[in-house]
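[1] next input, structure requested:
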Amino acid sequence: MGKFTKWIAGGLGWAFFGPIGGLLGFAIGSMMDSQTQQPISGQQQKTTTGAYAMSLLVLVAAVMRADGKVVRAELDYVKQYFVKTFGQESAREGIRILGDLLKQNIPLRDVTLQIKQNLDYSSRLQLLHFLFGISSADGIVHPNEIKVIEQIASYLGLSQNDINSIKYMFVPKTDSAYKILGVDREASVEDLKKAYRKMANKYHPDKVSHLGEDFRKAAKEKFQKLNEAYSQIKKERKIA
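    Residues are numbered from 1 along each chain as shown. Down below sits the predicted model:
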């Protein structure tokens, strides 16, 4: 049994209700096989690891539909991303659920606002990082996908500075390193150091430790990209 089945069996918290619950209805039923006898706890309102994972799947489906087509290569890239994050068996389960979601019309604003109401800011930032990571997994971030992801980020209530920071971890630009830190190229050394400390605190993996070890480990990639950006700037400007 993979993690997705266990998460579903353990209860999906707030994701069991509202527009997300409606989208997941059929997929949840298909996952509750003979190996899973524990009933879903519909009364559980807190944010569980399962609720977070299912929210991610719904948003991934919305992004994958953004360019008007879903090709096998995209599913393969998503599966590889899930294998890295959750393991082989859980990735298979996740792709099964994603396949069902891709057949449905996703009310993007409604599901995203439901997520915003139930997740803290750091968890929403990590969702954004996941979406850009999956979108860029094939080496290309399609303009329509960027548009949808930025729309999701806006609905999630993320600041434009934070949206740009995570976006430019995946979308190359001349001053990407500065964008990741959220400063201008003309920023002073002191401002650079302050910006780095602020973003390091915001992106630290422990900020999402309540979502479970899988997601805390995944958050290390975001933290690493911040450190790489800061190291690049210090090298270019010869900052000790």
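[2] wait, what's in contact with the closest residue to Ser176 other than its chain neighbours?
    Closest residue in space to Ser176, ignoring its immediate chain neighbours: Tyr168 at 4.2 Å, by CB to CB, 6 or more residues apart in numbering. For glycine as for every other residue, the C-beta is placed from the backbone atoms N, C-alpha and C. By CB atoms under 8 Å, 6 or more residues apart in numbering, the contact set of Tyr168 is Ser176, Lys179, Ile180.
[3] low-confidence ranges, this protein, go.
    1, 10-11, 26-45, 67-71 (pLDDT under 70).
[4] picking that back up, can you add secondary structure and neighbour count and give the contacts of Tyr168 back as CSV?
    CSV is the format used below for the contacts of Tyr168 (DSSP: H, G, I helix; E, B strand; the rest coil; neighbours: other CB atoms under 10 Å):
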residue, secondary structure, neighbour count
Ser176, helix, 19
Lys179, helix, 21
Ile180, helix, 28
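[5] for those, which one is nearest Leu128?
    Looking at these and their distance to Leu128, the nearest is Ile180, at 13.1 Å (CB to CB).
[6] what's the spacing between that closest one and Val171?
    Note on Ile180: its distance to Val171, by CB to CB, to the nearest Å, is 11 Å.
[7] ok, now Val63?
    For Val63, the distance to Val171 equals 14 Å [CB to CB].
[8] more neighbours, the two?
    Set Val63 next to Val171 and count neighbours by other CB atoms under 10 Å: Val63 wins out with 26 against 15.
[9] the more buried one is in contact with Glu145, isn't it?
    Yes - between Val63 and Glu145 there is a contact under CB atoms under 8 Å: 5.4 Å.
[10] what's whichever strand or helix holds Ala200 packed up against?
    Element membership of Ala200, judged by DSSP states H and E, is helix 189-203. Contacts defined by 3 or more CB pairs under 8 Å, 6 or more residues apart in numbering; DSSP states H and E place helix 189-203 against helix 121-135, helix 176-181, helix 213-237.
[11] not counting sequence-adjacent ones, nearest residue to Gly212?
    Among residues not flanking Gly212 along the chain, Thr49 sits closest, at 4.0 Å (CB to CB, 6+ apart).
[12] how near is that neighbour to Gly2?
    13 Å.
[13] same thing with Ile8?
    From Ile8 to Gly2 the distance is 10 Å (CB to CB).
[14] more crowded one of the two?
    Set side by side, Ile8 and Gly2 show more neighbours around Ile8, with 26 against 18, by other CB under 10 Å.
[15] quick one, phi/psi of the more buried one?
    phi -60, psi -50 (degrees, to the nearest 10).
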